[in-house]
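Participant: sequence plus the predicted model coming up.
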Amino acid sequence: DQKILNEKFPVQAIIINSGNANACTGEIGMEHARKMAQVTSECMGLKEREVLVSSTGIIGVPLPIKKIEEAIRKNYTKLGRTKKDGDLAAEAIMTTDTFSKMIAVELELDKRKVTIGGIAKGSGMIHPNMGTMLAYITTDANISREMLDRALKSSVTDSYNMISVDGDTSTNDSVIVMANGLAGNAEIIEENGDYKKFIDALHFVNMNLAKQIIKDGEGAGKFIAVTVDGAKTKQDARLLAKSVVSSNLVKAAFFGEDANWGRIICAMGYTGIEFDINKASIGIVSDKLKIDLLKDGNPLDFKEKQARRILMAKEIDVNIS
């Protein structure tokens, strides 16, 4: 896939298999990946270099390639463009997921209706670095390759790359976006108003899929969102927030419904990013309840019962300033 993208070939199809990651399988694994692309291209009248390949599942086991070849030849005729076909695709890529993940939005660009749709899978090995986390976004927007690439990379940084379930980065993390231009809007070739609208919609799709992945995390009982405000730079804020959401001790405190904010400040501290503890504030929010735990470096006398009520919720926001 990277070779195809680096050489800037147009992409017309993606072939995905579930249940086997085809990772750490040596040269035969690469041959199997090429075979998947070859068979798909033959079936659909494409060039092999126009097909991207994804695999998800167990690591270190060779693909049952004959079974996959037969399935491609049998199933490509069933490709469709209805909502049901989209639902089936989202279901087909699941492994240990407990529900399929999908979203679609509409927006207007150049007075034309544009659609962006996405499907994703992921439950375990989720600590993306661009688990097994796969996401596929398609749009009919008319946008240049360069601007689409810029939009995706910008969005991935603040969506998929900010989530963590178990702290393990997967072998197969991939996010792929395809645009075919059929909406007929004037091509987006620069960062103008239409680009801003497009990237906002794309980011909404990616954030939604990223949150769905977290809510389906293997063994996850709570959804915790951390917001850092007032950091020196956005990169500092990103690293501080990611350290908190990735901390096993912070997760243990939330699981035990214990407002142990010391673990949060500790996770911030070991990032090595300089911040003034005397100006640090931490609060937690859920179901319209809110408690401040630390204010300008001073511990606050909060009611444990009320804090516990907040932490009993399935979705909790942590606000750090």
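Facilitator: It's in.

Participant: could I get the buried residue list for stretch 163-178?
Facilitator: By neighbour count on 16 or more other CB atoms under 10 Å, the buried set for stretch 163-178 is 163-166, 170-178. C-betas here are computed from N, CA, C, even on glycine.

Participant: should've said stretch 283-290
Facilitator: In stretch 283-290, counting by 16+ other CB under 10 Å, buried: Gly283, Ile284, Val285, Ser286.

Participant: that stretch: end-to-end distance?
Facilitator: The first residue of stretch 283-290 is 7 Å away from its last residue (CA to CA, to the nearest Å).

Participant: residues in contact with that stretch?
Facilitator: With CB atoms under 8 Å, 6 or more residues apart in numbering as the test, stretch 283-290 has contacts from 259, 291-293, 306-307, 309-311, 313, 315-319.

Participant: does Ile15 touch Thr40 like I think?
Facilitator: Yes. Ile15 is within contact range of Thr40, at 4.3 Å (criterion: CB atoms under 8 Å).

Participant: list residues touching both of the two?
Facilitator: Both Ile15 and Thr40 are contacted by Val51, Ile72, under the criterion CB under 8 Å, 6+ apart.

Participant: out of the buried residues of stretch 163-178, which sit inside helices?
Facilitator: Among these, no member falls in helices (DSSP state H).

Participant: now the two most distant members of these.
Facilitator: Asp166 and Met178 (29.5 Å; CB to CB).

Participant: just give me the neighbour total for Gly217.
Facilitator: 20 (other CB atoms under 10 Å).

Participant: neighbours of Ile277, how many?
Facilitator: Using other CB under 10 Å, Ile277 is surrounded by 11 other residues.

Participant: so how far is Tyr270 from it?
Facilitator: Note on Ile277: its distance to Tyr270, by CB to CB, to the nearest Å, is 13 Å.

Participant: same check, this time on Ala179
Facilitator: 41 Å.

Participant: can you show me the helices along the stretch 1-150 of the chain?
Facilitator: 2-6, 26-44, 65-75, 83-92, 145-158 (DSSP state H, counting those that start in this stretch).

Participant: next, format those as a markdown table and append mean neighbour count.
Facilitator: Listed next are the helices of the stretch 1-150 of the chain as a markdown table, based on neighbours: other CB atoms under 10 Å:
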| stretch | mean neighbour count |
| --- | --- |
| helix 2-6 | 11 |
| helix 26-44 | 17 |
| helix 65-75 | 14 |
| helix 83-92 | 15 |
| helix 145-158 | 17 |
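
Participant: Glu108: which of the ones you listed is closest?
Facilitator: Closest among the helices of the stretch 1-150 of the chain, using CB to CB: helix 145-158, at 17.1 Å.

Participant: returning to that earlier point: same list (the helices of the stretch 1-150 of the chain) but as CSV, adding mean pLDDT.
Facilitator: Shown next, in CSV, are the helices of the stretch 1-150 of the chain (pLDDT from 0 to 100):
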stretch, mean pLDDT
helix 2-6, 93
helix 26-44, 97
helix 65-75, 97
helix 83-92, 95
helix 145-158, 95
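
Participant: any idea which of the ones you listed gets closest to Gln235?
Facilitator: Closest among those, using CB to CB: helix 145-158, at 9.6 Å.

Participant: what helices or strands is that closest one leaning on?
Facilitator: Applying 3 or more CB pairs under 8 Å, 6 or more residues apart in numbering; DSSP states H and E, we find helix 145-158 packed against strand 174-179, helix 193-215.

Participant: want to throw those into a markdown table with mean pLDDT and distance to Asn6?
Facilitator: Shown next, in a markdown table, are the helices and strands packed on helix 145-158 (pLDDT from 0 to 100; distance: least, CB to CB, whole Å):
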| stretch | mean pLDDT | distance to Asn6 |
| --- | --- | --- |
| strand 174-179 | 96 | 14 |
| helix 193-215 | 95 | 22 |
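
Participant: take the ones you listed and write them to TSV, including distance to Glu27.
Facilitator: Below are the helices and strands packed on helix 145-158 laid out as TSV (distance: least, CB to CB, whole Å):
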stretch	distance to Glu27
strand 174-179	21
helix 193-215	32
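
Participant: nearest to Arg112, out of these?
Facilitator: helix 193-215 (9.9 Å).

Participant: next, the angle helix 145-158 makes with that closest one.
Facilitator: Going by axes from the mean of the first three to the mean of the last three CA atoms, to 10 degrees, helix 193-215 is angled at 40 degrees with respect to helix 145-158.

Participant: let's have the chain start at 5 instead
Facilitator: Shifting the count to begin at 5 puts that one at helix 197-219.

Participant: can you give me the buried ones in helix 197-219?
Facilitator: 198-199, 201-203, 205-219.

Participant: what sits against Val232?
Facilitator: By CB under 8 Å, 6+ apart, the neighbours of Val232 are Ala241, Arg242, Leu244, Ala245, Ile324, Ser325.

Participant: ok, now how distant is the closest residue to Lys219 other than its chain neighbours from Leu83?
Facilitator: In space, and not counting its chain neighbours, Lys219 is closest to Phe227: 5.3 Å by CB to CB, 6 or more residues apart in numbering. Distance of Phe227 to Leu83, given as CB to CB: 34 Å.
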